[in-house]
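K.L.:
build me a model:
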Amino acid sequence: MPAARVAAIDVFRGLAILAVVAHHLAGLGLRYAPEGSNLELGLITINRSLLFVVPAFVFMTALVLTRSALRPRPDGGRFDAGAYYRARARTALLPYLIWTVLYVLFRVATGQESGAALSDPARWQTWVQYGKGYFHLYFLLVVLQFYLVLPLLLPLWRRRWPFWAVLLGAFTAQLAVYALNRVGILNFAFPATMAVWYLPALTLGMYFGANEGAFEALWARGRFWIVAAAGGALLWFLPLAVAVLDDAQVSTLAFSAANWAYTAAATLVILGVAYKLAPAPAWWSRALAVLGTLSLQVYLLHPALLYLLERWGFPPHPLLFSLTLAAYGLVALGVPVLVARALAGTAVSRWLFGR
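P.N.:
Here you go, the predicted structure:
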């Protein structure tokens, strides 16, 4: 893979993990911001606008893995499904199970969960089956589901499809999944924990992974329309997302459709920005790339840190409140980076992070 493309992928992940932490920080701040204040309004807007973060990581996972799977082998061989599944079990399944156990124990240790739950097989089944060991672990479960079916999908991407046909097919299939779940045929207990709830992100990721240079060409000729689509979709999605946050009555179809449209367009914008920033010599561009290489470590560790930092509370003044929130964010980013650097190359890192 060309170095420029690798750098753009790392910067994309860096931007995405910053958005993840900002999303969770805003959610944390909302629990303490004065009701009806400008501070609350700002935090709501940030929190709801950043809901593209999980689809963005799902998209990039699909892009990178599809590109790797379809890349010609030096020995002329083809994709080895057996080696692929063994690698995924070691680098993805095992860390998911370990972090599920660790976060369940963390919840018990911090009083979020009763110790009696540890001996309840039904609770363990829910935690593992639905990524409910902690609120953020469902992303790993979604990725594991995609890993499982990727070899079955690769034949579809050995030919070049028109972009608009792929886009239309992805959203049509997503609406079909919604309808089947709505009438009880699929009957997902937690739709957001299922990979088929992210079909636009997965399909676009596979499309750009299978077609070298396709995104660069699309962005070069259509960046204005992509940004406009993201802005328009945000204007559609944001009021619905805020209403859901307020427990108001909202059409699930309208919310889901707006969510899929916004997250797909926003993800493409983030990738376009990443391609723009990747060649920049500035320190912050390099820092984003480094952060991107450690995004999994940050993703896994930062929720526990935010939970502990929350106990320090917030000062009442809006400016001091915002500065405190920003300081918590720096800790939530910095500590995982330091941990990742300290563990790099060790067996502990391979067990915990699969790398």
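
K.L.:
secondary structure element holding the residue nearest in space to the middle of the chain?
P.N.:
The centroid of the chain falls nearest to V54 when counting by Cα atoms, centre = their mean (2.3 Å). Assigned by DSSP states H and E, V54 falls within helix 53-70.

K.L.:
now do the buried residues in that helix.
P.N.:
Neighbour-count burial for helix 53-70 flags 53-67, 69-70 (criterion: 16 or more other Cβ atoms under 10 Å). C-beta: built from backbone N, CA, C; applies to glycine.

K.L.:
got a list of contacts for whatever helix or strand Y84 lives in?
P.N.:
Using DSSP H and E, Y84 maps to helix 81-88. With contact meaning Cβ atoms under 8 Å, 6 or more residues apart in numbering, helix 81-88 is reached by 69, 144, 147, 150-151.

K.L.:
what about S37, how many residues close to it?
P.N.:
Applying other Cβ atoms under 10 Å, we find 12 residues neighbouring S37.

K.L.:
for it, give its distance to L352.
P.N.:
Plainly put, S37 is 40 Å away from L352 if you go by Cβ to Cβ, to the nearest Å.

K.L.:
and the helix or strand containing Y262, what's buried?
P.N.:
Using DSSP H and E, Y262 falls within helix 252-277. For helix 252-277, a neighbour-count test (16+ other Cβ under 10 Å) marks 255-275, 277 as buried.

K.L.:
can you give me the offset of stretch 136-154 from its chain's centre?
P.N.:
How far stretch 136-154 lies from its chain's middle: 12 Å, per Cα atoms, centre = their mean, to the nearest Å.

K.L.:
again but with stretch 237-247, I slipped
P.N.:
20 Å.

K.L.:
could I get the buried residue list for that stretch?
P.N.:
Buried-residue list, stretch 237-247, by 16+ other Cβ under 10 Å: 237-238, 240-242.

K.L.:
tell me the one among those nearest to R123.
P.N.:
Nearest to R123 among the buried residues of stretch 237-247 is A241, at 30.0 Å by Cβ to Cβ.

K.L.:
about what we covered before: what inclination does the helix holding V54 have with respect to helix 252-277?
P.N.:
60 degrees (axes from the mean of the first three to the mean of the last three Cα atoms, to 10 degrees).

K.L.:
could you give the angle of helix 53-70 to helix 81-88?
P.N.:
Helix 53-70 and helix 81-88 are oriented at 140 degrees to each other (the same axes, to 10 degrees).

K.L.:
export helix 53-70 to PDB, keeping only CA atoms.
P.N.:
Provided in PDB are the C-alpha atoms of helix 53-70 (Å, rounded to 0.1, in the frame of the first residue of the first chain):
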ATOM      1  CA  VAL A  53     -17.800   7.600  15.200                       C
ATOM      2  CA  VAL A  54     -18.600   3.900  15.400                       C
ATOM      3  CA  PRO A  55     -19.700   3.700  11.700                       C
ATOM      4  CA  ALA A  56     -16.500   5.500  10.800                       C
ATOM      5  CA  PHE A  57     -14.400   2.900  12.500                       C
ATOM      6  CA  VAL A  58     -16.500   0.100  11.000                       C
ATOM      7  CA  PHE A  59     -16.000   1.700   7.600                       C
ATOM      8  CA  MET A  60     -12.200   1.800   8.000                       C
ATOM      9  CA  THR A  61     -12.100  -1.800   9.300                       C
ATOM     10  CA  ALA A  62     -13.900  -2.900   6.200                       C
ATOM     11  CA  LEU A  63     -11.700  -0.900   3.900                       C
ATOM     12  CA  VAL A  64      -8.400  -2.100   5.300                       C
ATOM     13  CA  LEU A  65      -9.400  -5.700   5.600                       C
ATOM     14  CA  THR A  66     -10.900  -5.900   2.100                       C
ATOM     15  CA  ARG A  67      -7.900  -4.300   0.600                       C
ATOM     16  CA  SER A  68      -5.600  -6.800   2.400                       C
ATOM     17  CA  ALA A  69      -7.700  -9.800   1.500                       C
ATOM     18  CA  LEU A  70      -7.900  -8.900  -2.200                       C
END
